[in-house]
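> Structure of the sequence below:
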Amino acid sequence: MGERKGTAQGALNSLGLRILNQSKIELSLSMRYLSRALDKLSFQMDFNTRRIGTEGEKIHFHPEFVFQLYVESPQKLYRLYMHSLLHCLFRHMFKTEDK
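Predicted coordinates for the structure are as follows:
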């Protein structure tokens, strides 16, 4: 049973990576000036992430969220990817404390 779970997680990871790489290609084609920045962030499947997030080196994604959003609207996923990238470019990765 453990092998089946590993295989299922591998399939989830593979599909998530395909979707996110396709998103990166679409963004690169429409905004070529961001290609180098888009290439700097790798992807990491993460079941502890509810949606998508970044710490500045990787985009952590929950596969079910990525699948659902992509099926609903690929453009919404592209926007969310771009949002994460802009956080990195403008160094807005950390929440500020409420005052």
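
> Return the residues in contact with the residue nearest to the spatial centre of the chain.
When Cα atoms, centre = their mean is applied to the chain, the residue found nearest the centroid is residue 59 (4.6 Å). When contacts are counted by Cβ atoms under 8 Å, 6 or more residues apart in numbering, residue 59 is found next to 20, 41-44, 52-53, 81, 84. All C-beta spots, glycine's among them, are computed from the backbone N, C-alpha and C.

> Could you rerun that using 6 Å?
Residue 59 makes contact with 41, 43, 84, according to Cβ atoms under 6 Å, 6 or more residues apart in numbering.

> What separation do you get for the last one and residue 27?
By that I understand residue 84. 11 Å (Cβ to Cβ, to the nearest Å).

> Next: the first one.
Using Cβ to Cβ, residue 41 is found at 11 Å from residue 27.

> repeat for residue 33
Between residue 33 and residue 27 the computed distance is 11 Å (Cβ to Cβ).

> Report the helix or strand with the lowest average pLDDT across the protein.
In the chain, the helix or strand scored least confidently by mean pLDDT, DSSP states H and E is helix 2-30, which has a mean of 89.

> Now the element after it, going C-ward?
Where DSSP states H and E defines the elements, the next helix or strand beyond helix 2-30 is helix 35-40.

> what's that next one packed up against?
Applying 3 or more Cβ pairs under 6 Å, 6 or more residues apart in numbering; DSSP states H and E, we find helix 35-40 packed against helix 2-30.
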